Structures are given as C-alpha cells and as structure tokens.
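1. here are the coordinates; sequence isn't available:
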C-alpha cells in the first residue's frame, strides 16, 4: 500500500511532464510548511520538500526555516493570530502541550481520514507516538524528526587507558573517568546544563517521575517532583565528580558545547542526541575510533525505555480545504518507507515507524560502518513498554521549566547552591509556571 | 501689529502629519493597547477571545510578589547606569582627543563611528567568541591564574561582559554628538584659557563640559533609556549570557521577551512591560526635573 502512493505520484508527475501545462494541471495548490531546523539539517528538510514537489503535480509545498524551534512556535503563533499561518508547522517536544490546548490544529488522525489516507497508526513506535497522542492514543501530530539521548565515547582513548567495552552503569563511567584521567586526559566526561539528557532522560530510564499526575498526562494541576527523586543523588554524584576534575562542564558560554568537545577529542565521553551521530561522524578527525551506546544506568536499576525528543508536524486549522489535501499528501509522502530511510540516513534521526526500521535493518543499513550504533537508539526507546514515567512529559510552559532547571544547574555547578537547594529552586519556580498555565487554560481538559 | 502668519486651513497640517500619526498609531498605540488588554487578562498563546479571563490586578500581584523580579529590576538599574557612565566617559575622552586635532584625528573620527552601525546581536556574537573563557582570545588570562575571567561561571564577570558590549556599541553614537558639540565651542575661549596656563583637563572641566551640558544631558537620557529598555540590551544579553549564570544578567527587557515568546506567557510579560513603561516615565521625569535644572542652554 505504501509504495502505491509514490507510484501514483510518479505517474501523475510523468503525465504532467508529458502533456505540458494542460489547464487542469497548471493550477498547483501551494501551501506552506514552517520548520525550526537550520544549518545542515535545515538543508535536508529542503531536500525533502523538493522530493515531494518533484513527485507529484497537484501540490507545491513551500518550506521556510524559522531558524530555531522556539522561533518557529512564536512565528506560527503570530501568523495564526494574523490569519496568515502556514498549513504545516514543526513543533518541538517541549511545545506539544501548548499546541494541544490551543485548539488551533487539525488532529493527524482526522486529517488523514478526511482525505482518504489509510494509516496504520500502530505502526509508530509507542514510545514515540505516546508523546504526541491523546489519552486514547490517537495522534495529534506526526512524529517527524525523532531522537533520544545516547552516550558517546572515544574508543581510541578507552584503549589507551586500558578500558574494555562500553560503560553500562554510572559506576562504569566513574571507573572509566578515573582511568582516563590517570592516562592524562583532561576531560574524561563532558556535560552541559541541558535538562533533556541529564534530567529528563535520566528520570525516564530510571523510572523516576518529573512531575505528579503521571508527568502531567492526568491533569494540568501537576506539580514538579524532580527534587525528591533519584535525580538528587545523580546530580550529587555529578557534582562530586566535577569537584574531582573527572567530569567537566562544557557549555556554549564557556566557548565549547559538548558535541564540539567530543569531536575535537577534548572530552572522551558525552551524552547527546542520536541526531548528532551524523555530525560527529563528519566532524571528528578521520580515522578516530568512537562509538555510541545507550545512556548508562545506576547499578541494580531495572532499565526503562528512554523518551523521544525532537519535533513533530502539526497541521493548523482555518486554511482553505485544498491545502489540507496537499498537507495530507505531503505527510503521507514523508511516511513512506523509502522516505523514512532516506531521512534517517542523511540526518541521523531515527525511523519513527516499525516497518521503516525493519526495512532499514533488512537492507543492512545498520551494518554500514558510518551508521553503526544508530539502531541502539531504537533499542533504548523500545527497551520496555512505556510506564507512567516514561510515556512523555506533558507540562505547560515546559521550555521555560527547562530553562529554570538549567539555571539551577548553573547555580549548583558554578555557584554556591547545594544540589538539593538548586533543585528546590527549580521546582519552586517551575511550579509557578505550571500554576499560571493551569489558570490560563482553566476549564480545558487534557484528553 | 501682529505679524504672525496664521494658516486657516486645518486639513493641510493634518494631512502633512498623517503619515507620522499613522506610524505612531500602528507601531505604538495599537501594541500598547493590546499590552494593556493582556496585562489584565490571561491570554492563551494562540488567542481565543471567548475564553479570555479577566483577572484584574492578578498579573501585577504575581510580578511584584516574585523576588526574582526585583532582582531583575536592580540588575537593570545597575546595568543602565554603569553602561551609560562607561560609554559616555570613554566617548567623551575620545571626542576631546579628536577635537584637539591630535595626529590621525580625522582617521579616528571616521572609525569611532562604526561600532554603532553594527547590529547588537552581531556585537554580542563577536564578543562571545572574543571573551569565551576557554577558547576565546581572552582565554590566555586564564593560563596565568585559573578562572581569572569566566563570565560563564561568575555572575559579576557576565555583567561586566554585557556592560562592555553595550558601552562599546554606544561609544560611537555618543562620540558623534560630543564631537559635533565640542566643535561648536568657540576656539577663542579655549585659546584664551590655555594662554592663562590651564591644561587640557582643566579646560575640559571648566569650559568644555559646562558648554556641552545640553548635549550631555540629551545623551544621558537617551543612553539610560536605551540601556534600560532598548533592543540592543536584549540582543547583547541573548547572544552572550542568555541571562545567566543562574539569572545574574537577567535584565528586565531580556526577562520580558523570554517570558513572552519563549515561555508563551503573554499576560505576565504584558504586566511587566507596563511596569517597565511606568519606571521609564518616572526615570525620565526625575532626569528632567532635577538634572536638567543644572543644564544651561544659552
């Protein structure tokens, strides 16, 4: 069924080329797609748009980068208020609830049904779909670029320091860090104040809640609880390691973020998104040996699945009906296995559907040296069925809560705050944001 | 007797003023009214007037009850006064030097103006690279003694960094006005005083500063307002420190913009904007009431 859409598209394209601009074909329906990716990844989105435009003759998608996830949401809001909004917009994980409660979108399921596409919704990995779905499991938006946090390490450095295999626990990471330090490496493990890997993903794989009410899924009156979980011990460990010089803070403000710190071989271990797999391969010194593995857990922890990160595609309402036909065609187009494979190859994002993943595995994609290890991201995402703590995070104003968490980490690692005081500060300020969000959307029910 | 020309037509002046009036209406009064509207309601990000909730002064109460807010106010005041002082002081020294026709003055006069033409985010980006404690040009000082300069770690250093950025950009602007002002001071006054044996500092203090007072006052008002609420401050903070470390450079403009657009809290940000507008009015009033008294225009 999936190849069929493409074939029809191709046939239509050929027909159009054959007959030239017949009157019926001349009027292409144009619609807009705004996205947040920029740089190399932004170029790849443009490629995807071009592939869609070349594949059929009825629609023309106009893709515009807004240079950043928050900017895309802001600009879409401004445009929506002025009734000049795009038909499709890319929204990052943290903005999901803002969109859900906006009432400004056409749910993914409804859009596809209305336009006669049959989508096998259970084909999406549950760990990915749950983040963007209603309580009933119906998708509101289309998972597009999905990732999860992984652990990268420099195999050359490990060999030199006499370390065998990938670290599986944080105890292993500590032991490796000590050996690397002894072998003369100044930065065994580099980390930043990004809450996504260190707080959110850590909490998920250790089955710890971020907030009450099942991380916000059961109501807008959720409260942050991350100051009362294993996270406290985890950050205390980070702090101790930092004081000993085994873990080193790497941020943009200091001059180098974690990924450049890894690719310049300054730091030998980092946690970062699987989406950086491609970038690391391209920018690290040729011939350098490195590998990627699942995030470590504390010894004795029953590992849970990690959470999906990245962004999904939302279709905004109040556009002309014809544009929805185009939007549905586009969303169907990018969900085809060959497009899923292409997108995953050129970016490093993971395939979001089971068939897409299986097809890539069968083709031997993950056996190629350049892409080896990327399948571990799927393994991490699907490690267990999702629990209440690993389904996702449904908190209002979440981008700002993330900022409060990273501010608190600055206070903990650079200032005079203790770990507990820092997390208490983040929770207190974060709860203020949650209460205001609850008041703003009073009467709205999460579904 | 009365020779004043009186124009009877009322529509002609209105017609001439119309473009300007429309601009002010669309870009000032209209937004100001929406801000006023939002400040007393809880505005959902995507709109939806039907569900809009009137909450009275709740947003203001929340703002005033937040200790972080007051910290932000004091940071903004500190930033505004220090950045203005630094920028005007250095610009004045440069202007005096150029005015004395020292060697290369005309070349410097040309170059000093340039920084103002650079957009604030570009300045911020450049300064972030230059002043990055581990990889910037300044990193060398940290080899003498660790953490001698680390704006990512110490709030005070971060504040110094944003002040330097702002001052650097505004020196050019202040310099143009001061040079022009200095050139209009009669040479004979300066020549007479130097014949009486006064040095450059004495001449600056007794002749040039008093005669330049109207220009200096104008620049003071402008610099203070601009550093307090201007887009340059936002651009610089956004690109260098992002308000950190742990909110040490979270000045009011940065706070408002990030709360409104990153946090999608339009109502809270609107309330803060109104408070900011109020503060600016008080600020300007004080300047005109007390500082301007000491300025003599003739």
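-> Looks like it came in fine. Predicted, not measured: the structure shown is a model, and the values here were computed from it.
2. pLDDT score assigned to the nearest residue to residue B:118 once chain neighbours are set aside?
-> Residue nearest to residue B:118 in three dimensions, not counting chain neighbours: residue B:169, with 6.8 Å by Cβ to Cβ, 6 or more residues apart in numbering or on different chains. For the C-beta atoms, the positions are set from N, CA and C on the backbone; glycine is no exception. Confidence at residue B:169, expressed as pLDDT, is 91.
3. do residue A:198 as well
-> The model reports residue A:198 with a pLDDT of 95.
4. SS state for it?
-> Following DSSP: H, G, I helix; E, B strand; the rest coil, the label given to residue A:198 is helix.
5. measure it to chain B for me?
-> As defined by Cβ to the nearest Cβ, to the nearest Å, residue A:198 lies at a distance of 16 Å from chain B.
6. Quick check, that residue in contact with residue A:191.
-> Yes - the criterion here is Cβ atoms under 8 Å, and residue A:198 meets it with residue A:191 at 6.4 Å.
7. what do the two both touch?
-> Residues touching both residue A:198 and residue A:191 (Cβ atoms under 8 Å, 6 or more residues apart in numbering or on different chains) are A:238, A:271.
8. May I have the beta-bridge partners of residue A:293?
-> Counting by DSSP bridges, residue A:293 forms beta bridges with residue A:151.
9. Identify the residues contacting it.
-> Counted by Cβ under 8 Å, 6+ apart, residue A:293 has contacts A:150, A:151, A:153, A:166, A:167, A:168, A:373, A:376.
10. okay, now the second one: neighbour count?
-> By that I understand residue A:151. Neighbour count of residue A:151, defined by other Cβ atoms under 10 Å in any protein chain shown: 22.
11. now swap in the fourth one and tell me
-> Residue A:166 is surrounded by 19 other residues when neighbours are defined as other Cβ under 10 Å.
12. Check the gap between the nearest residue to it once chain neighbours are set aside and residue A:274 for me.
-> Nearest residue to residue A:166, sequence neighbours excluded (Cβ to Cβ, 6+ apart): residue A:293, at 4.1 Å. Residue A:293 sits 11 Å away from residue A:274, taking Cβ to Cβ, to the nearest Å as the criterion.
13. Overlap of the contact sets of those two?
-> residue A:150.
14. and the residue nearest to residue B:118, how many neighbours?
-> 25.
15. how about the helices in the stretch 251-400 of chain A?
-> Using DSSP state H, counting those that start in this stretch, the helices of the stretch 251-400 of chain A run over A:258-263, A:277-283, A:321-334, A:337-347, A:354-362, A:375-381, A:398-413.
16. for these, which one ends up most surrounded?
-> Greatest average neighbour count among those goes to helix A:398-413 (a mean of 25), per mean count of other Cβ atoms under 10 Å in any protein chain shown.
17. residues from the stretch 101-250 of chain A in reach of chain B?
-> The stretch 101-250 of chain A has residues A:101, A:102, A:103, A:104 near chain B, with proximity defined as Cβ under 8 Å from any Cβ of the partner chain.
18. Pull out the buried members of these.
-> Neighbour counting by 16 or more other Cβ atoms under 10 Å in any protein chain shown classes A:101, A:102, A:104 among these as buried.
19. out of the residues you listed, who's nearest residue A:425?
-> residue A:101 (27.0 Å; Cβ to Cβ).
20. Report the contact partners of the closest one.
-> A:396, A:441, A:444, B:44.
21. Try it again at 10 Å.
-> Contacts of residue A:101 were listed using Cβ atoms under 10 Å, 6 or more residues apart in numbering or on different chains, and they are A:220, A:396, A:437, A:440, A:441, A:444, A:445, A:446, B:44, B:45, B:46, B:48.
22. hang on, isn't the residue nearest to residue B:118 packed against residue B:116?
-> Yes - counting by Cβ atoms under 10 Å, residue B:116 is a contact partner of residue B:169 at 6.3 Å.
23. shared neighbours, those two?
-> B:123, B:232.
24. is it possible to export the helices of the stretch 251-400 of chain A to TSV including distance to chain B?
-> Formatted as TSV, the helices of the stretch 251-400 of chain A follow (distance: least, Cβ to the nearest Cβ, whole Å):
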stretch	distance to chain B
helix A:258-263	9
helix A:277-283	16
helix A:321-334	18
helix A:337-347	25
helix A:354-362	32
helix A:375-381	27
helix A:398-413	4
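25. can you redo those helices as a markdown table with mean pLDDT and distance to residue B:266?
-> Below are the helices of the stretch 251-400 of chain A laid out as a markdown table (pLDDT from 0 to 100; distance: least, Cβ to Cβ, whole Å):
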| stretch | mean pLDDT | distance to residue B:266 |
| --- | --- | --- |
| helix A:258-263 | 94 | 33 |
| helix A:277-283 | 88 | 35 |
| helix A:321-334 | 92 | 28 |
| helix A:337-347 | 86 | 34 |
| helix A:354-362 | 88 | 39 |
| helix A:375-381 | 93 | 35 |
| helix A:398-413 | 92 | 13 |
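26. Go through the ones you listed and name the closest to residue B:240.
-> Per Cβ to Cβ, nearest to residue B:240 of the helices of the stretch 251-400 of chain A: helix A:398-413, 14.5 Å.
27. So which elements touch the closest one?
-> In this structure, helix A:398-413 packs against helix A:69-81, helix A:96-100, helix A:195, helix A:231-243, strand A:247-249, helix A:419-440, with contacts taken as 3 or more Cβ pairs under 10 Å, 6 or more residues apart in numbering or on different chains; DSSP states H and E.
28. Which elements pack onto the lowest-mean-pLDDT helix or strand in chain B?
-> Ranked by mean pLDDT, DSSP states H and E, the weakest helix or strand in chain B is strand B:53-54, scoring a mean of 77. For strand B:53-54, the elements it packs on are strand B:41-42, judged by 3+ Cβ pairs under 10 Å, 6+ apart.
29. what residues are up against the closest residue to chain B within chain A?
-> Chain B sits closest to residue A:255 of chain A, with a gap of 3.2 Å, by Cβ to the nearest Cβ. Counting by Cβ under 10 Å, 6+ apart, residue A:255 makes contact with A:261, B:128, B:129, B:131, B:132, B:133, B:134, B:135, B:136, B:138, B:139, B:152.
30. got a pLDDT number for it?
-> Residue A:255 is given a pLDDT of 82.
31. which phi and psi does it have?
-> phi 120, psi -20 (degrees, to the nearest 10).
32. Please apply the same query to the one 10 residues further on.
-> According to degrees, to the nearest 10, the main-chain angles of residue A:265 amount to phi 60, psi 30.
33. give me every residue that touches it.
-> Residue A:265 makes contact with A:154, A:156, A:157, A:185, A:187, A:284, A:285, A:288, A:290, according to Cβ under 10 Å, 6+ apart.
34. Now, these that are in strands?
-> A:154, A:187, A:290 (DSSP state E).
35. Buried ones from these, can you make that a ChimeraX selection?
-> Command for ChimeraX that selects the buried part of those, burial taken from 16+ other Cβ under 10 Å:
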select /A:154,187,290
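36. Just send the ones in strands among the contacts of residue A:265 back as TSV, with pLDDT too.
-> TSV is the format used below for the ones in strands among the contacts of residue A:265 (pLDDT from 0 to 100):
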residue	pLDDT
A:154	96
A:187	95
A:290	95
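37. For residue A:143, state which of the ones in strands among the contacts of residue A:265 is nearest.
-> residue A:290 (27.8 Å).
38. follow-up on the earlier one: which ones among the contacts of residue A:255 map onto helices?
-> Among these, the residues falling in helices (DSSP state H) are A:261, B:128, B:129.
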